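K.L.:
Let's see this in three dimensions:
(one chain, ligands or ions: 2)
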Amino acid sequence: MKMKLPKAGTVEVNPSILSADFARLADELAVIEKAGVKMVHLDVMDGHFVPNITIGPPVVEKLRQHSNLFFDCHLMITDPRKYGPIFVEAGANNVTFHIEVEKNPADLIKKLHDMGASASLCVNPETPVSSIEKYARLCDMILVMTVHPGFGGQKFMHDAAKKIKAVRELVGPEIRVEVDGGVDVDTTPIVVGYGADTLVAGNAIFSKKDRIAAIEAIREAAK
Ligand code: DX5
Ligand code: ZN
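P.N.:
Residues are numbered from 1 along each chain as shown. Ligands and ions are numbered 1, 2, ... in the order given. Next up is the predicted model:
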């Protein structure tokens, strides 16, 4: 299913299923779709780049049959060049990969675009914005990590969030700036203030019984 990343200029809450009930993923997607979100953040971990393992292409492929949401796949894996296109084939609409493992990202960005997907680069908390300077404008979105990737429910790192400002200055208003890690009603005003427009939130949504109210609370905090 070919879908476009929502055009920059709106703030989008992007629920991360990492904290969802993995035994009921299709139901979880249906609930957040009811809340009116346009996208869902699928965290892919390989046990190498990060010390955790989550889902692979077969799960994305099955979920695709149950959802019309834009699938934002965050690859926390050491070989995005090999697996990025496989995730697009499985149904990913955006593939985000880490600059820390891909020193020449232009080829992969082009490959993803040629396949009809959008492409995003991600920086870990300790990775400088200068590392993506040459490639950022080739991307559809830049992801700034505000926790060390691997687990949901970690504490927001304010110093890492400050890089959002530099990223926004680098890419201008047309490219989305996504933030991932510790985003909740308290940290949302901070990251939106720095220029983020795509708010990944796992624990802040899926630890709550009422996911829809939790999404609405983040939207409200972003105003
Ligand atoms: C962490 C993942 C995140 C995670 C965020 O490595 O990339 O997407 O789900 O979870 P919270 O919102 O709980 O910090
Ligand atoms: Zn993520």
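K.L.:
Going by C-alpha atoms from here, please, whenever you check contacts or count neighbours.
P.N.:
Noted.
K.L.:
May I have the beta-bridge partners of Ile53?
P.N.:
Judged by DSSP bridges, the bridge partners of Ile53 are Asp46.
K.L.:
so it sits right up against Asp46, yeah?
P.N.:
Yes - counting by CA atoms under 8 Å, Ile53 does reach Asp46; the two are 5.0 Å apart.
K.L.:
ok, now how distant is Leu18 from Arg168?
P.N.:
26 Å (CA to CA, to the nearest Å).
K.L.:
hey, where'd the helices end up in this structure?
P.N.:
For the chain, helices defined by DSSP state H occupy the ranges 25-34, 57-64, 80-90, 106-114, 158-161, 163-171, 188-194, 203-206, 211-222.
K.L.:
Give me the pLDDT value at the closest residue to Ala214 other than its chain neighbours.
P.N.:
Closest residue to Ala214 in three dimensions, ignoring its sequence neighbours and counting by CA to CA, 6 or more residues apart in numbering: Ile205, at 5.2 Å. In this model, Ile205 is scored at 98, pLDDT.
K.L.:
Ser19 too?
P.N.:
On the pLDDT scale, Ser19 gets 97.
K.L.:
Contacts only, for the residue nearest to Gly116 when sequence neighbours are not counted.
P.N.:
Spatial nearest neighbour of Gly116, chain neighbours left out: Lys2 (6.8 Å); criterion: CA to CA, 6+ apart. By CA atoms under 8 Å, 6 or more residues apart in numbering, the contact set of Lys2 is 93, 116-117.
K.L.:
Fine by me, we can end here.
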